[in-house]
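Colleague: Sequence and predicted structure are below.
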Amino acid sequence: MAMILTIALTSDVPIYQQLRDQIVEAIAEGRLIEGSTLPATRALAADFGINFHTVNKAYDLLRQEGLIRLNRKSGAVVSPLALAAAFSPEWTARTRTLLAEAVARGMPADEVLRVCQSVLDSFATPKPEDVP
């Protein structure tokens, strides 16, 4: 399964964060599954014309978060998603900030909820009605 990543060199979001975020989204959407290998850091860096340390930083963040494992033989591989993590305080803080931006811009609550549900529905997670 080919993984397509894009980066915006002019974005305010650091490149390593863009890479990390897109890999997380690919896992959530089912485009990357347990055991999927990620491109080698030097190859990915060469493809984008960026420093390989930038890719290393993204991969290291994913490793620290338990989403990938790194080893010299197989490189970066998507980890088993065996344990569902509890909603962490960090996630709550990030969610709070995003919701605060929506409120500050005057978005109605029902529209915010609709967008949130739409995003959740786009991921390859089992829905409560799909679980026996």
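Modeller: Alright, I've got the coordinates.
Colleague: Mind telling me what element the residue minimising distance to the centre of the chain is part of?
Modeller: Centrality entry for the chain: nearest residue to the mean C-alpha point is Val24, 1.8 Å, by Cα atoms, centre = their mean. According to DSSP states H and E, Val24 maps onto helix 15-28.
Colleague: and what of Val77?
Modeller: strand 75-78.
Colleague: what's the answer for Lys57, then?
Modeller: Taking DSSP H and E as the definition, one finds Lys57 inside helix 52-64.
Colleague: can you check Met107 too?
Modeller: Following DSSP H and E, one finds Met107 outside all helices and strands.
Colleague: That one: how many residues sit nearby?
Modeller: Met107 sits with 14 neighbouring residues when counted by other Cβ atoms under 10 Å. Backbone N, C-alpha and C define where each C-beta goes, glycine included.
Colleague: One more: the one 3 residues further on?
Modeller: By the criterion of other Cβ under 10 Å, Asp110 has 8 neighbours.
Colleague: try His53
Modeller: When neighbours are counted by other Cβ under 10 Å, His53 comes out with 11.
Colleague: Please report how far it lies from Leu44.
Modeller: Distance, His53 to Leu44, by Cβ to Cβ, to the nearest Å: 12 Å.
Colleague: ok, longest helix in this structure?
Modeller: helix 89-104 (DSSP state H).
Colleague: And the average pLDDT for that helix is what?
Modeller: Averaged across helix 89-104, pLDDT comes to 89.
Colleague: and for it, what are the contacting residues?
Modeller: Contacts with helix 89-104, where a contact means Cβ atoms under 8 Å, 6 or more residues apart in numbering, come from Val112.
Colleague: How is this protein partitioned into domains?
Modeller: If you go by automatic domain parsing, the domain ranges for the chain are 15-78, 89-130.
Colleague: Need the winner for burial among the ones you listed.
Modeller: Most buried of these, by mean neighbour count (mean count of other Cβ atoms under 10 Å): domain 15-78, with a mean of 16.
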